[in-house]
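Engineer: Sharing a model that was predicted from the sequence below.
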Amino acid sequence: VIPYGRQDINESDIEAVVTVLKSPFLTQGPEVPKFESTFAEFVGAGYGTATNSATSALHLVCLSLGIGPGDTVWVPAISFVATANCILYCGATVDFVDVESETALISVESLRIKLAEAKGKNSLPKAVIIVSFAGASPDMELIYQLAKEYDVKIIEDASHAVGASYPNGSKVGSCDFSEATVFSFHPVKIMTTGEGGMVVTNDVEVHKKIYRLRSHGITRSPIEMSSNLGPWYYEQIDLGFNYRMTDIQAALGSSQLLRVPEFIKRRRVLADLYFQKLAGTGLGLPDYNQLNLSSWHLFVVRIGEDAGISREQVIERLSIAGYGTNVHYIPIYRHPYYRRQVVDKDFRLEGAESYFSRALTLPLHTKLENRDLEKICRTIFESQGFQSIF
Ligand SMILES: Cc1ncc(COP(=O)(O)O)c(C=O)c1O
């Protein structure tokens, strides 16, 4: 089966990992700081901290911004659960903002209305997490302006968006419009370290806090310690975690990062081919204006009543033909945990529900051949009898 997404590992990637395996340091050696600085430079941010996942990176960002009990943080209703879970880890409250029913990006209009209402009720959130869904960012400039008006912090969950850009030409990760941005290096994403994540920020104080919390809250910096008993000395000054990335992963990350421009180029070619092949078919397509901005982590179509075929039929046809699909994502508030602990049992947001009832992710990754993509498009619309000739 050709999956909806997968990693792309070449000989240089393997060599980079093997070199670390033969070196004195498997972790806490030179590879992690090297990866952090090259990644930060790549996206145009001041500081990078590598972590063992984007989930832990999100947790650290929330803590470093002082999010805790009594605070509320808003997230778009459509995302992977980790976007919201990180808030609960801090003991804070989660609330959901509706998304655009065609793109699953946060609805700026819903955000504007919700902020105005919250101000009236004196219940503004401390922060809003904005997701670059499928690799595309919403209008961050507008969102950031709005957030500043209400003194609300913006965190970007750009797990899908390594290599993506904003319309102003900056890379996602430049933190032009946020306090900090998080990326994921899970194998299904744009580039991989096996498991892994990265936080980038331009705020040195936020960076220092994240850096410390990643490794137990320990510091060796003389200015942060209450005393200094020698070169071996360190102090734990916060309650942190072991969220560290290994040197093995970082070496893979540095090697993969060199390949990101090539990955993005290929993904954009494939996305463009989907646009051509699926134009006029009755399927809802992503926003074509994102062609040269999005990283195209996912290619999500919407299969509505006017498509002449149901989502279940498409999933089945593609599965028989050997192609994997997926639904990204179930609205977070629909998960039993969230229904039990966070929202009322009949809580729903119309944009998120409309999107969720129609969305389907088609295969898109650098190993996908043009002829596979063409076959995927043919398979969706062919009659059952015709299918057997492939
Ligand atoms: C939007 C989003 N946020 C966060 C995560 C968590 O990433 P990780 O698996 O690196 O913890 C994911 C992973 O799927 C994601 O898609």
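Structural biologist: Nice, I can see it. Treat the numbers as computed from the prediction; the structure is a model and nothing was measured. Numbers count the residues shown, from 1 in each chain.

Engineer: Paired strands for the host helix or strand of Phe183, with orientation please.
Structural biologist: Here Phe183, judged by DSSP states H and E, is contained in strand 180-184. Strands that pair with strand 180-184, judged by DSSP bridges, come out as strand 153-157 (parallel), strand 197-201 (antiparallel).

Engineer: So what touches that strand?
Structural biologist: 39, 43, 45, 53-54, 57-58, 61, 64-65, 155-162, 172-173, 175, 189, 196-201, 203, 206, 210 (Cβ atoms under 8 Å, 6 or more residues apart in numbering). Backbone N, C-alpha and C define where each C-beta goes, glycine included.

Engineer: Select from those every entry located in strands.
Structural biologist: Ile155, Glu156, Asp157, Gly197, Met198, Val199, Val200, Thr201 (DSSP state E).

Engineer: Which residues of this structure lie near the ligand?
Structural biologist: Taking Cβ under 6 Å from any ligand atom, the part of the chain that reaches the ligand is made up of 53-55, 79-80, 82-83, 131, 157, 159-160, 184, 186, 197.

Engineer: how about the helices in the protein?
Structural biologist: Taking DSSP state H, the helices of the chain run over residues 11-21, 31-43, 54-64, 82-89, 108-120, 140-149, 204-214, 247-278, 311-320, 336-341, 350-358, 370-381, 384-387.

Engineer: In a markdown table: the ones you listed, plus mean pLDDT and mean neighbour count.
Structural biologist: Formatted as a markdown table, these follow (pLDDT from 0 to 100; neighbours: other Cβ atoms under 10 Å):
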| stretch | mean pLDDT | mean neighbour count |
| --- | --- | --- |
| helix 11-21 | 98 | 15 |
| helix 31-43 | 98 | 20 |
| helix 54-64 | 98 | 26 |
| helix 82-89 | 98 | 22 |
| helix 108-120 | 98 | 15 |
| helix 140-149 | 98 | 16 |
| helix 204-214 | 98 | 20 |
| helix 247-278 | 98 | 20 |
| helix 311-320 | 97 | 16 |
| helix 336-341 | 97 | 12 |
| helix 350-358 | 98 | 20 |
| helix 370-381 | 96 | 17 |
| helix 384-387 | 42 | 10 |
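
Engineer: Kindly reformat these as CSV containing distance to Val300.
Structural biologist: Formatted as CSV, the helices of the chain follow (distance: least, Cβ to Cβ, whole Å):
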stretch, distance to Val300
helix 11-21, 28
helix 31-43, 24
helix 54-64, 19
helix 82-89, 17
helix 108-120, 19
helix 140-149, 20
helix 204-214, 31
helix 247-278, 10
helix 311-320, 12
helix 336-341, 22
helix 350-358, 9
helix 370-381, 14
helix 384-387, 23
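
Engineer: Most tightly packed of the strands paired with strand 180-184?
Structural biologist: Each of the strands paired with strand 180-184 was scored by mean neighbour count; the highest is strand 197-201, a mean of 29, by mean count of other Cβ atoms under 10 Å.

Engineer: one step back: so can I have a markdown table of the strands paired with strand 180-184 showing mean pLDDT?
Structural biologist: Listed next are the strands paired with strand 180-184 as a markdown table, based on pLDDT from 0 to 100:
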| stretch | mean pLDDT |
| --- | --- |
| strand 153-157 | 98 |
| strand 197-201 | 98 |
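
Engineer: Rebuild the ones you listed as TSV, extending it with distance to Gly253.
Structural biologist: Formatted as TSV, the strands paired with strand 180-184 follow (distance: least, Cβ to Cβ, whole Å):
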stretch	distance to Gly253
strand 153-157	19
strand 197-201	8
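
Engineer: Ok, which of these comes nearest Ile9?
Structural biologist: strand 197-201 (18.6 Å; Cβ to Cβ).

Engineer: And for that closest one, what's in contact with it?
Structural biologist: Residues contacting strand 197-201 (Cβ under 8 Å, 6+ apart): 36, 39-40, 43, 45-58, 60-61, 159, 173, 175, 179-185, 207, 210, 245.

Engineer: excluding its backbone neighbours, what's nearest the residue nearest the centre of the chain?
Structural biologist: With distances taken as Cα atoms, centre = their mean, Ser159 lies nearest the centre of the chain, 1.9 Å away. Spatial nearest neighbour of Ser159, chain neighbours left out: Ser184 (3.6 Å); criterion: Cβ to Cβ, 6 or more residues apart in numbering.

Engineer: All set now, cheers.
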